[in-house]
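Trainee: this one's sequence-less:
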Ligand SMILES: O=C(CO)[C@@H](O)[C@H](O)[C@H](O)[C@H](O)COP(=O)(O)O
Ligand SMILES: [Zn+2]
């Protein structure tokens, strides 16, 4: 086996081990799906935010709901707070990078909405400021994190602390759980 093939095999084994431990978090993921179904059923919106790979996850998951995941059904209101470069640069430039998500949420969100806050460290200030805004607004916070959970663990209404410590491995588990939530939500709301 080449060095790269060995690295690949070791990585796949580590990922498989992480995913086996995810079993213990099935009830948390189910509770998150229920919270999203409840919010969308009463006409509320799901917001997503995160940095870097988690920004990509935010956009990816919002698109699954607004577009379609696996079945044709009505669009579900979902917004990634990571996509409007004019708002992100204006807010970042005029108020500060820590405010880029919180200010958008304060402008666009309302009581009863859901914020899916994604941070592998659990501590990114711009994500945590959005969480703080959500709590003040009566927006339910679903926190996606990993490791020891960081500040997000305690600040969330429901926290998913996936059993991994590396940023990349945490992100891989986040997108799997996010996809599952989209699948459950879509099936629950398909007949609307
Ligand atoms: O995708 C990756 C690493 O896999 C990076 O872009 C990563 O998302 C960035 O370093 C983020 O800034 C990390 O922030 P966070 O997850 O701690 O909130
Ligand atoms: Zn990445």
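Mentor: Okay, I see it. Note that the structure is predicted; figures quoted are calculated from it, not measured. Ligands and ions are numbered 1, 2, ... in the order given.
Trainee: how about stretch 167-182: buried residues?
Mentor: 167, 169-175, 177-182 (16 or more other CB atoms under 10 Å). Glycine gets a C-beta too; all of them are placed from N, C-alpha and C.
Trainee: So which bits of the helix or strand where residue 106 lies are buried?
Mentor: Here residue 106 sits within helix 100-108, counting by DSSP states H and E. Buried residues in helix 100-108, counted by 16+ other CB under 10 Å: 100-105.
Trainee: Show me the contact partners of it.
Mentor: With contact meaning CB atoms under 8 Å, 6 or more residues apart in numbering, helix 100-108 is reached by 45, 47, 49, 79, 81-82, 84, 87-88, 91-92, 95, 115, 126-127, 129-130, 132-134, 137, 139.
Trainee: What about those, which are in helices?
Mentor: Of the positions in the contacts of helix 100-108, 87-88, 91-92, 126-127, 129-130, 132-134, 137 sit in helices, assigned by DSSP state H.
Trainee: List just the nearest of the buried residues of helix 100-108 to residue 161.
Mentor: Relative to residue 161, the closest of these is residue 101; by CB to CB it sits at 20.4 Å.
Trainee: what's the distance between the closest one and ligand 1?
Mentor: From residue 101 over to ligand 1 the distance is 11 Å, taken as CB to the nearest ligand atom, to the nearest Å.
Trainee: In this structure, spot the helix with the most residues.
Mentor: Under DSSP H, the chain gives helix 167-189 as its longest helix.
Trainee: Contact partners for residue 146?
Mentor: By CB under 8 Å, 6+ apart, the residues touching residue 146 are 120, 122, 161-165, 169-170, 173-174.
Trainee: ok, back up a step: got the angle for the helix holding residue 106 vs helix 85-94?
Mentor: Helix 100-108 runs at 120 degrees relative to helix 85-94, counting by axes from the mean of the first three to the mean of the last three CA atoms, to 10 degrees.
Trainee: just for the protein, where's the confidence low?
Mentor: Scanning the chain for pLDDT under 70 picks out no residues.
Trainee: how about the residues of it near ligand 1?
Mentor: Neighbours of ligand 1 within the chain, by CB under 6 Å from any ligand atom: 51-54, 119-121, 124, 127, 167-168, 171.
Trainee: and those, which are buried?
Mentor: 51, 53-54, 119-121, 124, 127, 167, 171.
Trainee: Over to the closest residue to residue 175 other than its chain neighbours. Which of the three states is it?
Mentor: Leaving out its chain neighbours, the residue that sits closest to residue 175 by CB to CB, 6 or more residues apart in numbering is residue 57, at 5.5 Å. Classification of residue 57 using DSSP: H, G, I helix; E, B strand; the rest coil returns helix.
Trainee: Tell me how many other residues crowd residue 67.
Mentor: 10 (other CB atoms under 10 Å).
Trainee: which residues touch it?
Mentor: If you count contacts by CB under 8 Å, 6+ apart, then residue 67 has residue 75 around it.
Trainee: now do the one 3 residues further on
Mentor: With contacts defined as CB under 8 Å, 6+ apart, the neighbours of residue 70 are 183, 186.
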